[in-house]
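Undergrad: only geometry, no sequence info:
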DNA sequence: TTTATAATGGATCTTCTATATCCAGAATAA
DNA sequence: TTATTCTGGATATAGAAGATCCATTATAAA
């Protein structure tokens, strides 16, 4: 299980946008050159980011991409969910198997009497907990986090000389 | 990004083994019936678990599988790493790209002067942090965790009647 | 209004991995 | 020795990721 290359490209592209001047669009050519990916492939990824409101795109001369909101309002989780999708990390494949009859608990049955009793797999419960941990961390880190870190290292280097 | 079905099968198989009597091997036939997976596919997964010392396997009449150690000594992380592999969740694809020259920091260069300076991508650093969060949680949950939970629900059901 | 430029989206192609099955062979307890 | 059960190699298939090409659309500037 691994994050896709597209997620890698997306994050780095957004950092590039965050780094560039405000109201100065960055074209796909410059982005692809900076990241070392083909324009055609990267443009697919940028389209996704636009459809989800992470970036804005302007066609035509002097057009290009820019962040749709402040860099500290774009979390790692946002980006990952756009590219990787929003399915949960783990889903039981055979909820009707014999073992699940035993392992499943009556989910939310106590509180909500109306719904038909939904069985929740105990394995899935643990995995969902793990996913929440992961999401928590990814929500706390933004594009701005990276920009800040990069700036720190920059000044540190400068002080040495 | 999702965990594979194999991980699902592996976890459920181990729970089945943990649930059955000690020194009573469980054959692939019983396991595959319980989980609703084909014998041939499940046996591949069990082989992996055996190679990594999670289960023991005995061929021949009355043979089968059993846990190689106590259920509370088999963590979710153990199982996942056997099935999914041990590569990190995120790896930068183009460490030689232009952007990385700026984004990378000198990794461990201060402490270990001998090594050639290895650049560590700042994006990767954040993602590695996220992975550690995930691992932490998965280390804290074992096959026994599930068995205990299942037992709780069992007695709760019994008390109702 | 025209034009050069840049993003968009559909179609397609390749490669790789997850999933799955089959079978011959090895190992073991009875 | 034999019946049984695991093992591992070979192979097949489907679907996703990665990647490219091109016709179309949209825009700002001349």
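TA: Received, thanks. Keep in mind it's a predicted model, so treat the numbers as computed, not measured. Numbers count the residues shown, from 1 in each chain, chains lettered A, B, ... in the order given.

Undergrad: so how far is stretch A:20-39 off the chain centroid?
TA: 19 Å (CA atoms, centre = their mean, to the nearest Å).

Undergrad: one more: stretch A:130-143?
TA: Between the centre of stretch A:130-143 and the centre of its host chain there is 10 Å, according to CA atoms, centre = their mean.

Undergrad: list the buried residues of whatever helix or strand residue A:41 lives in.
TA: Residue A:41 belongs to helix A:39-51 when assigned by DSSP states H and E. For helix A:39-51, a neighbour-count test (16 or more other CB atoms under 10 Å in any protein chain shown) marks A:42, A:43, A:45, A:46, A:48, A:49 as buried. In this view, the C-beta of every residue, glycine as well, is placed from N, C-alpha and C.

Undergrad: want to throw the residues you listed into a markdown table with distance to DNA strand C?
TA: Formatted as a markdown table, the entries for the buried residues of helix A:39-51 read as follows, by distance: CB to the nearest atom of the strand, whole Å:
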| residue | distance to DNA strand C |
| --- | --- |
| A:42 | 9 |
| A:43 | 4 |
| A:45 | 9 |
| A:46 | 5 |
| A:48 | 8 |
| A:49 | 8 |
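
Undergrad: so which bits of chain A are right by DNA strand C?
TA: Residues of chain A found near DNA strand C (CB under 7 Å from any atom of the strand) are A:25, A:27-29, A:40, A:43-44, A:46-47, A:50-51, A:57-65.

Undergrad: ok, how many other residues are close to the residue nearest to residue A:98 when sequence neighbours are not counted?
TA: Take residue A:98 and drop its neighbours on the chain: the residue closest to it by CB to CB, 6 or more residues apart in numbering or on different chains is residue B:34, 5.0 Å away. Taking other CB atoms under 10 Å in any protein chain shown as the criterion, the count of residues near residue B:34 is 21.

Undergrad: can you give me the helices in chain A?
TA: Listed from the start of the chain, chain A has helices (DSSP state H) covering A:5-19, A:28-35, A:39-51, A:76-84, A:98-103, A:122-139, A:143-160.

Undergrad: mean pLDDT for those: which is lowest?
TA: Considering the helices of chain A one by one, the lowest average pLDDT is found for helix A:98-103, at a mean of 70.
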